[in-house]
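S.K.: generate a structure from the sequence data that follows.
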Amino acid sequence: MSLRHANVKMVGKLAIVAAGMFGFGYALVPLYQAICDLTGINILTLSERQVPGNGEAGRDVRRPGNTQVDMSRSITIEFDANARGLWDFKPAVRSLQVHPGELATVMYEFQNTQDRRMAAQAIPSYAPAQAAAHFTKLECFCFNQYTLEPGEKKQWPVVFLVDPKLPRDVTTITLSYTFFEVGGRTPPAPAGASL
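M.R.: Numbering: from 1, shown residues only. Below is the predicted model of the structure:
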């Protein structure tokens, strides 16, 4: 057998293997869904599928409730905003009622009121202090520095949940942010009454 004939035969085999791999990859998603439907192991697939019923095109299957949410109590989350410098910085809402374990989002609004570009960052604090260990932020603008152009406005979210293990005597948590300029002029501290 000549070398050319062997090469053509090898290219043919590789083309068949490549086509088989492509077909397997293409069939993988429906195959995965079929296996999950049979075994019932994929909750998301089960909650999102349509079930035919009484001649209808389909009706939604009820999604199971989140058993990690403590519906027996509510916590008031108060939002506070302080700015070191000439910023317009405030939460979109001043307070929110949440159940422990429930995912919640609040937006904070920022505006650079200076006539120059400014970079800034926020630092969070909590009251009462024991709440800090039970307050989990999944997304927060306080993790990054931001640059705003003169007069530019932005909104950034804080996505959080309160751990159901929060002591029952804590019914209100205050989340406070101090927004300050990074790498620029720092305004003097406000004058306070002397003790």
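S.K.: what residues are up against the closest residue to residue 121 other than its chain neighbours?
M.R.: Using CB to CB, 6 or more residues apart in numbering and skipping residues adjacent in sequence, the residue nearest residue 121 is residue 145, 4.6 Å away. C-beta here means a position set from N, CA and C on the backbone, and glycine is covered the same way. Counting by CB atoms under 8 Å, 6 or more residues apart in numbering, residue 145 touches 119, 120, 121, 182.
S.K.: and the third one, how many neighbours?
M.R.: Using other CB atoms under 10 Å as the criterion, residue 121 is surrounded by 17 other residues.
S.K.: that's a helix at it, yeah?
M.R.: No - assignment of residue 121 by DSSP: H, G, I helix; E, B strand; the rest coil gives strand, placing it outside any helix.
S.K.: so it makes contact with residue 177?
M.R.: No - assessed by CB atoms under 8 Å, residue 121 is found out of contact with residue 177, at 10.0 Å.
S.K.: picking up where we left off before, tell me the two of the contacts of residue 145 that are most distant?
M.R.: 119 and 121 (7.7 Å; CB to CB).
S.K.: quickly list what's touching both of those two.
M.R.: 145, 146, 182.
S.K.: adding distance to residue 161, write these out as CSV.
M.R.: CSV is the format used below for the shared contacts of residue 119 and residue 121 (distance: CB to CB, whole Å):
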residue, distance to residue 161
145, 25
146, 24
182, 28
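S.K.: out of the residues you listed, who's nearest residue 34?
M.R.: residue 146 (46.5 Å).
S.K.: before we move on, back to that, turn the contacts of residue 145 into a markdown table, including pLDDT and distance to residue 100.
M.R.: Listed next are these as a markdown table, based on pLDDT from 0 to 100; distance: CB to CB, whole Å:
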| residue | pLDDT | distance to residue 100 |
| --- | --- | --- |
| 119 | 86 | 36 |
| 120 | 85 | 32 |
| 121 | 86 | 29 |
| 182 | 81 | 34 |
